[in-house]
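J.: Sharing a model prediction with you, sequence too.
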Amino acid sequence: MRLLSSRQHSIVREYRALAASPDPEGVRLLLDGAHLVREALGAALSFDSVAVAAAHLDTESDEGALARTLERRGVDVLTVTGQAFGAMSPVREPSGIVAIVRRSTTTSHVIATGRALFVLVVSDVQDPGNLGALVRVAEAGGVTGLIVCGESANPFSWKAVRGSMGSVLRLPVARSRSLPDTLSELRGNGARTIAAAPRDGSDPDTADWSGSIALLLGGEGHGLDPAVIAGCDARVSVPMAPPVESLNVAAAGAVLVYAARRARL
């Protein structure tokens, strides 16, 4: 393994740049931690590079063992000294291994025009952790693809990738400039649109989740625009005991996705 010690090295700058400005299309992703790097390896993604903290090669750590496995498979693995590694990792307490990987991309059009759709459409979800958690929920709940619209966070940022626990490496995820255009494509392909509404919607356990569907979730605070809700084919609301009036968007998404999953099995 090559040794890298300078914080000013071009590879260090490459990691820092990707952390600061994530790839908008999600071709190149920055991963931090053994779990995500191992998930990328399991998903057979292509590695641009891997960096392991030198201290982790001196112990029987997961990071060191994973770095050696990757090197044996022909991946370019760098050994990085402490300060330089701290500059490469985007987290406050670096885990000991980081990587840049390439994933296969898709588009909102491809997701919206597939077969047997169970699409999750999120609009204006601004917290990358919440967005990543929704990606994880979507994969676990059998969603066929996730489309990110409006003023949402970048689903390919390192924070969102970490929040997804690696699901974004496998699940078809795409960004769309226009929520109306996305809904039009979904409807044109025969999908019913179901809006998550704060009140006056069907109970998730009695709603009709059959056929091709698109479940819409709005962002933190305001949720979906009332006009969007009114234009959907149906609406669902998560029942809550008073005085609770709302749930975190990722929690609400999990309730709805799993209600749909149970009905569709």
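T.: Yes, it's here.
J.: Can you name the element that comes right after the longest strand along the chain?
T.: What stands out as the longest strand in the chain, according to DSSP state E, is strand 46-53. Next helix or strand after strand 46-53 toward the C-terminus (DSSP states H and E): helix 54-57.
J.: Just name whatever secondary elements that following helix is in contact with.
T.: helix 62-72, strand 77-80, helix 82-88 (3 or more CB pairs under 8 Å, 6 or more residues apart in numbering; DSSP states H and E). Quick note: C-beta positions are derived from backbone N, CA and C, even for glycine.
J.: Run through who's touching it.
T.: Identification of contacts with helix 54-57 by CB atoms under 8 Å, 6 or more residues apart in numbering yields 1, 3, 63-64, 67, 79-82, 85, 96-97.
J.: Neighbours of residue 113, how many?
T.: The number of residues packed near residue 113 is 15, by other CB atoms under 10 Å.
J.: Next, give phi and psi for it.
T.: Dihedral angles of residue 113 (phi, psi; degrees, to the nearest 10) stand at phi -110, psi 20.
J.: swap in residue 146?
T.: phi -120, psi 130.
J.: residue contacts, residue 238?
T.: If you count contacts by CB under 8 Å, 6+ apart, then residue 238 has 196, 204, 247, 252, 255-256 around it.
J.: what helix or strand is residue 3 on?
T.: Per DSSP H and E: strand 2-4 holds residue 3.
J.: what element comes up after that strand heading to the C-terminus?
T.: Heading C-terminal from strand 2-4 (DSSP H and E), you reach helix 10-20.
J.: other SSEs contacting that next one?
T.: strand 28-32, strand 46-53, helix 82-88, strand 97-102.
J.: chain center to the last one: distance?
T.: Spelled out, it's strand 97-102. 16 Å (CA atoms, centre = their mean, to the nearest Å).
J.: Return the set of buried residues in the helix or strand just after that strand.
T.: For strand 97-102, the following helix or strand on the C-terminal side (DSSP H and E) is helix 108-112. Neighbour counts over helix 108-112 (16 or more other CB atoms under 10 Å) mark 108, 111-112 as buried.
J.: Report the mean per-residue pLDDT for helix 108-112.
T.: Confidence for helix 108-112, expressed as mean pLDDT, is 96.
J.: what's the answer for stretch 184-201, then?
T.: Averaging pLDDT along stretch 184-201 gives 96.
J.: Same check on stretch 56-76?
T.: 90.
J.: How many neighbouring residues does the closest residue to residue 19 other than its chain neighbours have?
T.: Nearest non-adjacent residue to residue 19, counting by CB to CB, 6 or more residues apart in numbering: residue 90, 4.0 Å away. The number of residues packed near residue 90 is 18, by other CB under 10 Å.
J.: repeat for residue 12
T.: 22.
J.: doesn't residue 83 make contact with it?
T.: No. With contact defined as CB atoms under 8 Å, residue 12 does not count as touching residue 83 (9.9 Å).
J.: In three-state terms, label the closest residue to residue 154 other than its chain neighbours for me.
T.: What sits nearest to residue 154 in space, not counting adjacent residues and going by CB to CB, 6+ apart, is residue 22, at 4.9 Å. For residue 22, the assignment made with DSSP: H, G, I helix; E, B strand; the rest coil gives coil.
J.: just checking, residue 22 touches residue 30?
T.: Yes. Residue 22 is within contact range of residue 30, at 7.3 Å (criterion: CB under 8 Å).
J.: Have a look at these two and say which one is more surrounded.
T.: residue 30 (27 against 22).
J.: and that one, bridged to which residues?
T.: Counting by DSSP bridges, residue 30 forms beta bridges with residue 100.
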